[in-house]
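> need a structure here:
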Amino acid sequence: MRIALIHDWLVTYAGAEKVLEQIIDIYPNADLFSLVDFIEHGKRGFIKDKRVTTSFVQKLPLAKKHYRNYLPLMPRAIEQLDVSNYDLVISSSHAIAKGVITGPDQLHISYVHSPIRYAWDLQHQYLKESGLDKGLKGILARNMMYHIRNWDYRTANGVDYFLSNSNFIGRRIWKVYRRESQTIYPPVDVSAFTLHSEKENFYLTASRMVPYKKIDLIVESFSKMPDKKLIVIGDGPDFDKIKAKASSNVVLLGYQSFEILKDYMQRARAFVFAAEEDFGITPVEAQACGTPVIAFGKGGTLETVVTYKNSDKPTGLFFYEQKPESVIKAVHEFEENINLFTPNNCRRNAVRFSPERFKEEFKTFVEEKVKIHFRNKGVVK
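Numbers count the residues shown, from 1 in each chain. I've put the predicted structure just below:
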């Protein structure tokens, strides 16, 4: 059986690429397609140094740095990728990949990290944060998003089966496509994080500093709690703005190596997470270190963090408003119940999201659907 793997774009090694890495592990002989491929030599191990078939966007001016600016052309670009000779097409999509064109005798399974966030329910937030909510640019941006939504909805009909990376995203898939999906949680390399039972008197947050990650909210909250120490790891365009909000008990370390991040994650009293994420890998990584999580109670973290109100083996708790008062209240609640959160329970919860579990569930799902699809067509694959 000939298999094609479709990915949105290959420019870095992040959450979506970690999923792709595991899919390639399952299907090492599959051919790989992507809108663009700018992964440097020496960093291509996660795709097994495969040759990648790319779209015309690859050769457009300044595409290496500004490929996102070609979003209006991406629907046409993904439709020009020819996968007509493949029996099974697997797309890993958070934007465009699921729109690849397949025929009636082909099976298309799409693992969706999210429908295009900035075109659907997060459109207004995206436009505001990008400065595209006013004037002529705002009109053009909204018009572009309108066309993207129409295309995104239409191309959902070309997918035979949807997989979602969380129940939260499953609800978004139903909302925008009116299609059912099955959740298979993405892989987290929990083996890279070791259990550390001894905790120290500081809190930790770590993220790229962009608006939706809400690092500024966490820093502002701890600046109002001068008796509590916060360590912040990460860099990004909002670094200076966030640093300006930090009081003396908040230490911004900027970008740090994985080993340093892991060391702080192991020793922290708790990991603080304020973003609304589709899944959220870092809270799981913190739990893999035996560190409990104080998180915003919306999105994927509701499925990865266990509260003491719902279990006798809690791994954290939630706050439900992205406001300093809500974060401060949650920190106090955590300290009042700190003995309920044990490193061993945190670690056990994190192991639920291992790569081995992902590969087993993904392979089982695909094999089942392959049998059904080709049996119904009178073809044995």
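
> so where do the strands sit in the stretch 101-250 of the chain?
For the stretch 101-250 of the chain, the strands defined by DSSP state E, counting those that start in this stretch cover 107-112, 161-164, 181-183, 203-206, 230-233, 250-254.

> contacts only, for the closest residue to Ala268 other than its chain neighbours.
The shortest distance from Ala268 to any non-neighbouring residue, by Cβ to Cβ, 6 or more residues apart in numbering, is to Leu204 (3.8 Å). For glycine as for every other residue, the C-beta is placed from the backbone atoms N, C-alpha and C. The neighbourhood of Leu204, defined by Cβ atoms under 8 Å, 6 or more residues apart in numbering, consists of Leu230, Ile231, Val232, Ile233, Tyr264, Met265, Ala268, Ala270, Phe271, Val272, Ala286, Thr291.

> so the first one is in contact with Ile215, correct?
So that's Leu230. No: using Cβ atoms under 8 Å, Leu230 is not in contact with Ile215, being 10.3 Å away.

> could you dump the strands of the stretch 101-250 of the chain to TSV with mean pLDDT and distance to Gln322?
Output for these, formatted as TSV (pLDDT from 0 to 100; distance: least, Cβ to Cβ, whole Å):
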stretch	mean pLDDT	distance to Gln322
strand 107-112	98	25
strand 161-164	98	24
strand 181-183	97	25
strand 203-206	98	14
strand 230-233	98	17
strand 250-254	96	18
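
> want to try a markdown table for the ones you listed, with distance to Phe365 as columns?
Below are those laid out as a markdown table (distance: least, Cβ to Cβ, whole Å):
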| stretch | distance to Phe365 |
| --- | --- |
| strand 107-112 | 8 |
| strand 161-164 | 7 |
| strand 181-183 | 7 |
| strand 203-206 | 32 |
| strand 230-233 | 36 |
| strand 250-254 | 41 |
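
> tally up the residues packed near Gly42, please.
7 (other Cβ atoms under 10 Å).

> no no, Asp278
20.

> ok, Ile116 next?
The number of residues near Ile116, taken as other Cβ under 10 Å, comes to 23.

> and for the lowest-mean-pLDDT helix or strand in the chain, what are the contacting residues?
Lowest on mean pLDDT, DSSP states H and E among the helices and strands of the chain sits helix 123-129, with a mean of 81. Residues outside helix 123-129 that contact it (Cβ under 8 Å, 6+ apart): Arg117, Tyr118, Leu132, Asp133, Gly138, Ala141, Arg142, Met145, Pro211, Tyr212.

> I'd assumed Leu132 was in contact with the fifth one.
Yes: using Cβ under 8 Å as the test, Gly138 is close enough to Leu132 to be in contact (5.5 Å).

> more neighbours: those two, which one.
In terms of neighbours (other Cβ under 10 Å), Leu132 is the more surrounded of Gly138 and Leu132; the figures are 18 against 15.

> what distance do you get for the nearest residue to that one once chain neighbours are set aside to Ala95?
Distances taken as Cβ to Cβ, 6+ apart place Ala141 nearest to Leu132, at 4.2 Å, with adjacent residues excluded. Counting by Cβ to Cβ, to the nearest Å, the gap from Ala141 to Ala95 is 16 Å.

> swap in Glu333?
For Glu333, the distance to Ala95 - Cβ to Cβ - is 37 Å.

> the closest residue to Tyr212 other than its chain neighbours: what's it in contact with?
With Cβ to Cβ, 6+ apart as the criterion, Tyr212 has its nearest non-adjacent residue at 5.9 Å, and that residue is Ala275. If you count contacts by Cβ under 8 Å, 6+ apart, Ala275 has them with Ser207, Tyr212, Lys213, Lys214, Phe296, Gly299.

> repeat the analysis, applying 10 Å as the threshold.
Ala275 makes contacts with 205, 207, 210-215, 217-218, 282-283, 295-296, 298-301, 322, as judged by Cβ atoms under 10 Å, 6 or more residues apart in numbering.
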